[in-house]
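**Q** return atomic coordinates for the entry below.
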Amino acid sequence: MRFISESPNAHTHCYRVLDENGQLIKHSNFIQVSEEIAVKMYSNMVSLQTLDTIFYEAQRQGRISFYVTTIGEEAINIASAAALTPEDFVFPQYREPGVLLWRGFTLQEFANQCFGNKADYGKGRQMPIHYGSNKHKYFTVSSTIATQIPHAVGAAYSLKMDKKDACAVTYFGDGGTSEGDFHAALNFAAVTEAPVIFICRNNGWAISTPTSDQFRSDGIAVRGQAYGVRSIRVDGNDALAIYRAVHAARKMAVNEHRPILIEAVTYRVGHHSTSDDSTKYRPADEIKWWRMARDPVTRFRKWIESNGWWSGEAESQLRSSIRNQLLHAIQLAEKVEKPAVEDLFTDVYDDLPPNLREQEKLLRETINRHPKDYPSDVPL
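**A** Here you go, the predicted model:
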């Protein structure tokens, strides 16, 4: 009689292509990326970095109410998006705006959503950073953890039944794997053989809870095997490794009708959100080390520079241009009129039911009685 050990004899291998200095690792078996794609990937990573810096500052200035950064996780965002096709459906958590950026969502559209103005596709009904785009097949962000994971499996099963040459992709953090939806979704996907890619950003922290307090397993990848899902662990700060893994995963998911789990090991350099101060539960020196020594943007820049595809002059021009574009977008977004009060009640029912009509009537009466308690820039 032999019991299966509670832990493997060896840790799951972590796939890498670039070392810390941006040099290719021998026998890494990576796909050659063209100069055009590589430069676009880097430009998007820099754009995402700048987006986070400026919107974070805007929140601190009181211009928007909330923000979440992707600092340290730029490679997962951009490189995974680059390996997908426009026909693939994306079910994000809330730390994947880079995927939307890669697909063509403009800086003005990001600003409109964060400021909740009339041009925001959600009509101001969502918190900042809860982006969504039908055009880009990017389902609207929901704050509730892990609910998007089974949704992605259902969409993937639909794509399979319709014989589409596409897959569904869902993103989540290590904390999301502690939710029941993660486990139900993996089992659902394995049984239905759905073409879905699960991308877990294992950044070490579920807000203030470290992975050591979440689980005793060897990370996330091993859980896929338990459910019959092919899995891989990848260096999440290595853009080429992420690109290679997602490219291969998509090919298997679509051609073989199977789910794939990718564990991207990284580190959440930023605070969980603007409502958090992560120095209260982790050393500031640790954060600084990851920001300086393991920055995925710097690592990828070293690689494209070694290929002769980038220069210091191009770097300065790009960062200056993106910053100016963003500041202009914010100025415009602040001036755009807010959505009307009636938009609070529309887009759920075709015909507004009596109870919602009554709520709208009561709200308008309350605003008229207490005008100073309500924003003056919201049209009645």
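
**Q** now the strands for the chain?
**A** Ranges of strands in the chain, per DSSP state E, are 14-15, 89-91, 168-173, 196-202, 205-206, 209-210, 230-235, 260-265.

**Q** list of residues touching the third one?
**A** Looking back up the chat, that one is strand 168-173. The contact list for strand 168-173 (CB atoms under 8 Å, 6 or more residues apart in numbering) reads 76, 80, 84, 88-93, 95-96, 99, 145-146, 148-149, 151-153, 155-156, 159, 182, 185, 194-203, 206. Every C-beta, even on glycine, is put in place using the N, C-alpha and C of the backbone.

**Q** want to throw the strands of the chain into JSON lines with distance to Arg291, mean pLDDT and mean neighbour count?
**A** Listed next are the strands of the chain as JSON lines, based on distance: least, CB to CB, whole Å; pLDDT from 0 to 100; neighbours: other CB atoms under 10 Å:
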{"stretch": "strand 14-15", "distance to Arg291": "20", "mean pLDDT": "97", "mean neighbour count": "19"}
{"stretch": "strand 89-91", "distance to Arg291": "27", "mean pLDDT": "98", "mean neighbour count": "25"}
{"stretch": "strand 168-173", "distance to Arg291": "19", "mean pLDDT": "98", "mean neighbour count": "28"}
{"stretch": "strand 196-202", "distance to Arg291": "17", "mean pLDDT": "98", "mean neighbour count": "29"}
{"stretch": "strand 205-206", "distance to Arg291": "15", "mean pLDDT": "96", "mean neighbour count": "20"}
{"stretch": "strand 209-210", "distance to Arg291": "18", "mean pLDDT": "96", "mean neighbour count": "13"}
{"stretch": "strand 230-235", "distance to Arg291": "17", "mean pLDDT": "98", "mean neighbour count": "23"}
{"stretch": "strand 260-265", "distance to Arg291": "16", "mean pLDDT": "98", "mean neighbour count": "27"}
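
**Q** how about those in a markdown table, adding distance to Cys114?
**A** Shown next, in a markdown table, are the strands of the chain (distance: least, CB to CB, whole Å):
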| stretch | distance to Cys114 |
| --- | --- |
| strand 14-15 | 34 |
| strand 89-91 | 19 |
| strand 168-173 | 20 |
| strand 196-202 | 21 |
| strand 205-206 | 24 |
| strand 209-210 | 27 |
| strand 230-235 | 30 |
| strand 260-265 | 25 |
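
**Q** and of these, who's closest to Leu352?
**A** Closest to Leu352 of the strands of the chain is strand 89-91 (CB to CB; 29.3 Å).

**Q** helices or strands next to the closest one in the packing?
**A** Using 3 or more CB pairs under 8 Å, 6 or more residues apart in numbering; DSSP states H and E, the elements in contact with strand 89-91 are helix 148-161, strand 168-173.

**Q** list the strands paired with the shortest one, with their directions.
**A** Spelled out, it's strand 168-173. Strand 168-173 has the following sheet partners, assigned by DSSP bridges: strand 89-91 (parallel), strand 196-202 (parallel).

**Q** including distance to Arg16, could the ones you listed go into JSON lines?
**A** As requested, the strands paired with strand 168-173 are exported to JSON lines (distance: least, CB to CB, whole Å):
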{"stretch": "strand 89-91", "distance to Arg16": "25"}
{"stretch": "strand 196-202", "distance to Arg16": "15"}
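
**Q** which one of those lies nearest to His272?
**A** strand 196-202 (12.7 Å).

**Q** send me that closest one as CSV with only the CA atoms.
**A** Provided in CSV are the C-alpha atoms of strand 196-202 (Å, rounded to 0.1, in the frame of the first residue of the first chain):
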residue,chain,number,x,y,z
VAL,A,196,-10.0,27.9,-22.9
ILE,A,197,-6.8,29.3,-21.6
PHE,A,198,-6.6,29.9,-17.9
ILE,A,199,-3.8,32.5,-17.1
CYS,A,200,-3.0,32.9,-13.4
ARG,A,201,-1.0,35.9,-12.4
ASN,A,202,0.7,34.4,-9.4
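
**Q** so Gln214 touches Phe182, yeah?
**A** No: taking CB atoms under 8 Å as the definition, Gln214 is not a contact partner of Phe182, at 11.7 Å.

**Q** what ranges does this structure have for its helices?
**A** Here the chain has its helices, by DSSP state H, at 35-60, 74-83, 97-102, 107-115, 148-161, 180-192, 221-226, 239-256, 284-293, 296-306, 312-335, 354-369.

**Q** what lies in contact with the second one?
**A** Okay, so that is helix 74-83. Looking at what lies outside helix 74-83 - CB under 8 Å, 6+ apart - the contacts are 37, 40-41, 44-45, 48-49, 70, 95-99, 101-103, 169, 171, 199, 201, 236-240, 242-247, 250, 264, 266, 296-297, 299-300.

**Q** let's go with 7 Å and repeat that
**A** Residues outside helix 74-83 that contact it (CB atoms under 7 Å, 6 or more residues apart in numbering): 37, 41, 44-45, 48-49, 70, 96, 98-99, 102-103, 199, 201, 236-239, 242-243, 246-247, 250, 264, 266, 296-297, 300.
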